[in-house]
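> structural data only, the sequence is not supplied:
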């Protein structure tokens, strides 16, 4: 799915969440290759000419937190759209920790069996050894409705795409 198409879909669901007319939603996608720059990033985070990203990818700036990341084939990208206030949580650190914990529980179980999956102190995401398995970048909108989410690398060959960013 193209990033722009997914963003429009997410914004439509977000509008219904803000109006409290829909229950919580989870959008699952596998993107066409795209490098995204979050609010904490700059062009210093990319190691390619901005007009010519590698791997046939596009490059876009987005409103999620975090720095530069890659989305593309071999990743499961999840966009939870939740009303955190409705479940009594208005704490972004709690939300990010809950996403990390959910990923850890899933990947440590069979058939994944990644018992060595872990967090790194001071960093956001999930790692196996020194390789990042899951990136997390979120935005909290009005009324504590979440947007954006996490990207879980499900194929080992995805890691080469990250060589072009920091």
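Received the coordinates, thanks. Bear in mind that the values here come from a model prediction, so they are computed numbers and not experimental data.

> could you look up the SS state of residue 93?
Following DSSP: H, G, I helix; E, B strand; the rest coil, the label given to residue 93 is helix.

> any idea how far residue 100 is from it?
11 Å (Cβ to Cβ, to the nearest Å). Backbone N, C-alpha and C define where each C-beta goes, glycine included.

> same question, residue 149
12 Å.

> more neighbours: which of residue 93 and residue 100?
Using other Cβ atoms under 10 Å, the more surrounded residue of residue 93 and residue 100 is residue 100, with 19 against 8.

> after the least confident helix or strand in the chain by mean pLDDT, next one along is what?
Ranked by mean pLDDT, DSSP states H and E, the helix or strand of the chain with the weakest confidence is helix 3-18, at a mean of 70. Per DSSP states H and E, the first helix or strand lying C-terminal to helix 3-18 is strand 25-29.

> can you tell me what sits against the helix or strand following that next one?
Next along the chain after strand 25-29, taking DSSP H and E as the criterion, comes strand 34-37. Contacts to strand 34-37, defined as Cβ atoms under 8 Å, 6 or more residues apart in numbering, come from residues 2-3, 43, 45-46, 53, 57-62, 64, 67-72, 137, 164-165.

> same deal with stretch 93-105?
80, 84, 89, 117-119, 124-126, 133-134, 136, 138, 140, 146, 149-150, 152.

> quick one, helices of the chain?
Taking DSSP state H as the test, the helices found in the chain are 3-18, 92-108.

> mind checking which of the ones you listed is nearest residue 39?
helix 92-108 (12.9 Å; Cβ to Cβ).

> skipping adjacent residues, who's closest to the residue positioned nearest the centre of the chain in space?
Geometric centre of the chain, nearest residue: residue 150, 2.6 Å, by Cα atoms, centre = their mean. Leaving out its chain neighbours, the residue that sits closest to residue 150 by Cβ to Cβ, 6 or more residues apart in numbering is residue 136, at 4.6 Å.

> can you give me the distance of that neighbour to residue 50?
Residue 136 sits 24 Å away from residue 50, going by Cβ to Cβ.

> what's around the residue nearest to residue 150, how many residues?
When counting by other Cβ under 10 Å, one arrives at 23 neighbours for residue 136.
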